[in-house]
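Undergrad: sequence plus the predicted model coming up.
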Amino acid sequence: MSKLTHHTDGAGDETNKESYENDKKTELDAEADSTDEDADADADAETDDTEHLAGLSDGAGCTEVWEHLSAQREDSL
């Protein structure tokens, strides 16, 4: 990555600044793409992690969750 350098005569300042800004934009684009991929992977993982809770209503308490999981365990034996 190019860096800004200070020339006493001012020569090259605009070129270096433009190059630096372009490099920075490229880095930000790469980070955004990576973040999008991570978010997609996290969303898939969350979906897989909650399959055992299918059939429970939103807001179910500890007792309901416990009974649901116990019933699933008994059914699998």
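TA: Arrived safely, thanks for sending.

Undergrad: please make it C-alpha for all contacts and neighbour counts, starting now.
TA: Noted.

Undergrad: looking at the protein, which helix or strand is least sure?
TA: When the helices and strands of the chain are scored by mean pLDDT, DSSP states H and E, helix 13-49 comes last with a mean of 68.

Undergrad: mind listing residues that contact the helix or strand that comes right after that one?
TA: Going down the chain from helix 13-49, the next helix or strand is helix 62-76, by DSSP states H and E. Helix 62-76 is contacted from outside by 52-53, 56, using Cα atoms under 8 Å, 6 or more residues apart in numbering.

Undergrad: could these go into JSON lines alongside neighbour count?
TA: Listed next are those as JSON lines, based on neighbours: other Cα atoms under 10 Å:
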{"residue": "52", "neighbour count": "12"}
{"residue": "53", "neighbour count": "12"}
{"residue": "56", "neighbour count": "12"}
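
Undergrad: any chance of TSV for those residues, columns distance to residue 75 and pLDDT?
TA: Output for the contacts of helix 62-76, formatted as TSV (distance: Cα to Cα, whole Å; pLDDT from 0 to 100):
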residue	distance to residue 75	pLDDT
52	13	86
53	15	88
56	16	91
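
Undergrad: columns distance to residue 70 on top of those residues, output as TSV?
TA: What follows is those, written out as TSV (distance: Cα to Cα, whole Å):
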residue	distance to residue 70
52	11
53	12
56	13
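
Undergrad: thanks again, I'm all set now.
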